[in-house]
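J.: sequence plus predicted model, see below.
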Amino acid sequence: MEGSRELLRSALNGDKRALGRLLTILESSPKKAGEVITYTLDKEPDAHVIGVTGIPGSGKSTLISKLITQYKEDNHKIAVIAIDPTSPLSRGALLGDRIRMQEHATDPSVFIRSVPTRGVKGGLSFSGVAMIEVFDYVGYDKVIVESIGVGQTDIDIMNIAHTILVVTTPGLGDDIQALKAGIMEIGDIYVLNKSDKEGAEKTYSYLEFALESYELGVKRGWTPKLIKTSALFGWGIDQLVDLIEEHYKYVLESGLYNEKIGRRRMLMLKLLSEKIFMSLLEEYFNKGIDRDILRKYDLYNASIHLIREIVEKLIKYGG
Amino acid sequence: MGGTSDILELARDIRNMRIKVLVAKLGLDGHDRGAKVVARALKDAGMEVIYTGIRQTPEQVVETAIQEDVDVIGVSILSGAHIPLMKRLMNLLKEKRVDYIPVFLGGSIPIPDIEALHKMGVDKVFLPGTSLKEVIKYTVEAAKRKRGYREWRDLGNY
């Protein structure tokens, strides 16, 4: 039986089968995932994590595919974590981000993994963050995280990605939409994709105005940038890569790199704790719960009682 | 009244197992309605379905299955080229040491070809008229079988 360490070693030697398997372990077993991550923490992280967010249909996947092409030419190893929503009703998921990136499927320097949200608020699950650690460990130096693209709930991505791209398209509304709080405050680089479409100039000037008005947008020496692209026609991709690299240089020089790594690891800890607790809670409600609990305690104390029981069980059996 | 308990058992298995399926269109054929209907049915049954879009090569399908670590591969072919395409796919799975992943095939497959497909290792062939329930039931059973294979378990049990 191969342990996590052997799997990591194989993955480090370029065995994609072992890497694919490791990622499944991160998704399936909190205990084994903890083991895997403990090994990876031995190494100083050195990957550049790029978060890509923006509304559904703005062309994120196609844009990422073009970025992969560029980064491949510059001899980078690229990993993509493509997050798609899980249905709250059936708990199934249709993961289709890959469709736009399949031209890279057989490339030895590219690894693409689809990740369903599995009901996690904010869209970024424990396994999504843990995957970043593993990709970094086995030598992928550009790790691109594609979010599900419901803007305001994507804040978790901001906390852990080194460079955040916000993708938008022409024709989504007027200047007030662009000024709304949330999405316009998180980006390092704003990408107006599909700029071959009608109304691109107008949307561009709205965005320019929105960005200018945000004093908040200036994050310690980096002024958010705005760029027009058309992923479909390949316009503006070179310039976008230049901007991303310019931002990365800033991240390295300003000390933001390690700050983000610290936050990423804290987020990982928080998400795993949440995952373990929630699964025990759910198990409790499915079979273990005392149906008379609300007769014995008031609502608040019933909750506290429940939490105590779960924690005691955890300590006793180790999860 | 065995029908209802069958379905409940199926639903429970799907929920517990988190089954991951790759649905792929192989070769130069743009007829993707069937593949999309199957992908959606598996998703609605509670599975995680990777859909790769049309005109995939056997190499792309195998690489995708490896990177996504799927339990089952479903292929749809309506072009008539199923024999050479599936032969290539099955050989590649062996070559890359992932032939423990069960493969099912759907499409316009002439009945006399079915035996040859089974011989090259295709686990199941679905002909036109197959019910979605049948496909769902088979996929769960195939995923269970795959997770029992030693070679796969050796790659890190959980």
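T.: Everything's here; your move.
J.: what residues does the lowest-mean-pLDDT helix or strand in chain B touch?
T.: The helix or strand of chain B with the poorest confidence is helix B:150-153; it has a mean of 72 (mean pLDDT, DSSP states H and E). Outside helix B:150-153, the residues that touch it by C-beta atoms under 8 Å, 6 or more residues apart in numbering or on different chains are A:1, B:97, B:100, B:146-147. Any C-beta I mention is one placed from the backbone N, CA and C, and that applies to glycine too.
J.: ok, now stretch A:32-42?
T.: Contacts of stretch A:32-42 (C-beta under 8 Å, 6+ apart): A:3-5, A:7-8, A:22, A:25-27, A:126-127, A:130, A:133-134, A:136-137, A:265, A:268, A:272, B:156, B:158.
J.: how about 10 Å then?
T.: A:3-5, A:7-9, A:22-27, A:29, A:126-127, A:129-130, A:132-138, A:265, A:268-269, A:272, A:275-276, A:319, B:156-158 (C-beta atoms under 10 Å, 6 or more residues apart in numbering or on different chains).
J.: and B:Lys124, backbone torsions?
T.: phi -150, psi 140 (degrees, to the nearest 10).
J.: hmm, B:Val135 and it touching each other?
T.: Yes: the pair B:Lys124 / B:Val135 is scored as a contact, 9.1 Å apart, by C-beta atoms under 10 Å.
J.: which neighbours do these two share?
T.: B:74, B:104, B:106.
J.: mark which of these are part of strands, please.
T.: B:74, B:104, B:106 (DSSP state E).
J.: what's the domain layout of chain A?
T.: Taking automatic domain parsing as the reference, chain A has its domains at A:43-256, A:267-317.
J.: got the end-to-end distance for the first one?
T.: Okay, so that is domain A:43-256. 19 Å (C-alpha to C-alpha, to the nearest Å).
J.: that one near chain B anywhere?
T.: Yes: against chain B, domain A:43-256 shows contacts by C-beta under 10 Å from any C-beta of the partner chain at A:79-80, A:82, A:84, A:86-87, A:89-108, A:110-116, A:118.
J.: the shortest one too?
T.: No: with C-beta under 10 Å from any C-beta as the threshold, domain A:267-317 lies outside contact range of chain B, at a closest distance of 11.1 Å.
J.: mean confidence for that domain?
T.: Domain A:267-317 shows a mean pLDDT of 87.
J.: from the chain's centre, how far out does that domain sit?
T.: 28 Å (C-alpha atoms, centre = their mean, to the nearest Å).
J.: mind listing the helices for chain A?
T.: For chain A, helices defined by DSSP state H occupy the ranges A:4-12, A:16-28, A:30-40, A:60-73, A:126-137, A:155-160, A:175-179, A:183-186, A:200-213, A:237-254, A:256-283, A:293-296, A:299-317.
J.: rank those by pLDDT, which is bottom?
T.: helix A:175-179 - the lowest mean pLDDT of these, at a mean of 55.
J.: right, and B:Gly34 touches B:Gly107 too?
T.: Yes: between B:Gly34 and B:Gly107 there is a contact under C-beta under 10 Å: 6.9 Å.
J.: please list all residues in contact with residue 148.
T.: I went with chain A, as the question did not name one. A:Ile148 neighbours (C-beta under 10 Å, 6+ apart): A:53, A:56, A:60, A:82-86, A:97, A:115-117, A:122-124, A:154, A:157.
J.: nope, chain B
T.: With C-beta under 10 Å, 6+ apart, B:Gly148 has these contacts: B:Tyr100.
J.: hmm, back to that, chain A: which of the shared contacts of B:Lys124 and B:Val135 is nearest?
T.: Using C-beta to the nearest C-beta, B:Gly74 comes nearest to chain A of these, at 13.2 Å.
J.: burial check on that closest one, number of neighbours?
T.: 26 (other C-beta atoms under 10 Å in any protein chain shown).
J.: quick one: what helix or strand has the residue nearest to it when sequence neighbours are not counted in it?
T.: The shortest distance from B:Gly74 to any non-neighbouring residue, by C-beta to C-beta, 6 or more residues apart in numbering or on different chains, is to B:Val23 (4.8 Å). Using DSSP states H and E, B:Val23 maps to strand B:20-25.
J.: would you list every one of the strands in the stretch 51-200 of chain A?
T.: Secondary structure of the stretch 51-200 of chain A by DSSP state E, counting those that start in this stretch: the strands cover A:78-84, A:93-95, A:110-116, A:142-146, A:163-168, A:189-192.
J.: let me have those strands in CSV, extended by mean neighbour count.
T.: Formatted as CSV, the strands of the stretch 51-200 of chain A follow (neighbours: other C-beta atoms under 10 Å in any protein chain shown):
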stretch, mean neighbour count
strand A:78-84, 26
strand A:93-95, 23
strand A:110-116, 26
strand A:142-146, 26
strand A:163-168, 26
strand A:189-192, 25
